[in-house]
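Participant: Make a model of this:
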Amino acid sequence: MADIIRWEPMGITSLRQAMDRLFEDSFVRPSGLFPALRAETPAVDMYQTEKEVVVKASLPGMKGEDVDISVTGDMLTIKGEHKEEQEIKEEDYFRKEMRYGSFVRSLQIPVPVKVDKAEAVFEEGVLTLTMPKTEAVQPKAIKVKAGKGKELKSGKTAK
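Facilitator: The predicted structure is shown next:
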């Protein structure tokens, strides 16, 4: 079945589209109108390997000592504060887009981990947190044995 698309001459937007854009720009993505309301949290990648859970957080311009990491139950919390280093008068700025201030990012850890053996490394603006999985969730290989009287691949009979 073909979709019907409303024709709008020369890209003229409707009042409804204009109002939707106004609300989205003001409240959903408050970029320029209300800079204090911007929800800027660090970008995070979380993945698992066979034996560990790895979390990488992008924290450009920060120092390792300005970052706090805690785990409560299955919740990982990364807190930090990016401090403004230079004292420049507000009226001397042509443009001020760098983000300063504190942030908090909380993530649920999907599998049990050994928090006491976790390691955190901060390098070139990227925090890498490595947490070993508990033995209960690590994959284990189980070898299959032939039953009694069955012939194995080597041609020998199982005892």
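
Participant: okay, now the domains of the protein?
Facilitator: Following automatic domain parsing, the chain resolves into domains at 12-39, 42-132.

Participant: How far does stretch 109-124 stretch from one end to the other?
Facilitator: 25 Å (CA to CA, to the nearest Å).

Participant: Now do the same contact list for the most centrally placed residue in the chain.
Facilitator: Residue closest to the average C-alpha location in the chain (CA atoms, centre = their mean): residue 44, at 2.3 Å. Applying CB atoms under 8 Å, 6 or more residues apart in numbering to residue 44 gives the contacts 55, 56, 57, 58, 78, 105, 107. (C-beta placed from N, C-alpha, C; glycine too.)

Participant: ok so the fifth one is a helix residue?
Facilitator: What it means is residue 78. No - counting by DSSP: H, G, I helix; E, B strand; the rest coil, residue 78 is not part of a helix but strand.

Participant: ok, for it, nearest residue in space, not its chain neighbours?
Facilitator: Nearest non-adjacent residue to residue 78, counting by CB to CB, 6 or more residues apart in numbering: residue 105, 4.8 Å away.

Participant: thought the one you found was touching residue 77?
Facilitator: Yes - Residue 105 is within contact range of residue 77, at 7.3 Å (criterion: CB atoms under 8 Å).

Participant: ok, those two, which is more surrounded?
Facilitator: Each of residue 105 and residue 77 has its neighbours counted (other CB atoms under 10 Å); residue 105 has more, 16 against 13.

Participant: Need the per-residue pLDDT for the more buried one.
Facilitator: Note for residue 105: predicted pLDDT of 91.

Participant: host element of it?
Facilitator: Using DSSP states H and E, residue 105 maps to strand 101-108.

Participant: What pairs with that strand, parallel or antiparallel?
Facilitator: Counting by DSSP bridges, the strands paired with strand 101-108 are strand 75-82 (antiparallel).

Participant: Looking at the partner strand now, give me its mean pLDDT.
Facilitator: 90.
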